[in-house]
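>>> Mind folding the following:
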Amino acid sequence: MNDNNIKEFFDHHKQSIADDGFSERLFATLDCLPQPKPVVDRGKILMAIFAFTGFILFALFGGYSELMDTLVSLAPVVDDISLFTPQMALAILFIGCSLFAVGKYALESE
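Numbers count the residues shown, from 1 in each chain. Okay, the predicted model is just below:
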């Protein structure tokens, strides 16, 4: 059998069934079903918690004064690389991480 024969067979033997309000009753029943729960994006909540925790730790341990001291002390480092301390490296790392987090948040919130 080819496709034309199948199409012709179904065209000649087409049947219709009376609805008798079945569609309305079906859709009335479907409207009563519970809606799916919306998906909660926990990534933004988790990022906000980490940001808040980081800010609290930064404030508690005097991060601003250490950051300013480190940035001021970076000027002589250009003259002599041996003056570079671990605190300076840590401050630069934290500045980079904070700028990355702010940029990521700005891109995701658009």
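
>>> elements contacting the helix ranked longest in the chain?
Longest helix in the chain by number of residues (criterion: DSSP state H): helix 86-108. Contacts defined by 3 or more C-beta pairs under 8 Å, 6 or more residues apart in numbering; DSSP states H and E place helix 86-108 against helix 42-60, helix 63-79. To be clear about C-beta, it is placed using only N, CA and C from the backbone, and glycine gets the same treatment.

>>> weakest of those helices in terms of mean pLDDT?
With a mean of 72, helix 63-79 has the lowest mean pLDDT of these.

>>> So for that helix, what gets flagged as buried?
For helix 63-79, a neighbour-count test (16 or more other C-beta atoms under 10 Å) marks 67, 70 as buried.

>>> still on that earlier bit, with distance to Gln35 as extra columns, can I get the helices and strands packed on helix 86-108 in TSV?
Below are these laid out as TSV (distance: least, C-beta to C-beta, whole Å):
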stretch	distance to Gln35
helix 42-60	21
helix 63-79	46
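
>>> looking at those helices, which is closest to Gly103?
Among these, helix 42-60 comes nearest to Gly103, with 12.5 Å by C-beta to C-beta.

>>> how far away is the residue of the chain most remote from its centre from Ile6?
What lies farthest from the middle of the chain is His12; by C-alpha atoms, centre = their mean that is 55.6 Å. Separation of His12 from Ile6 (C-beta to C-beta, to the nearest Å): 11 Å.
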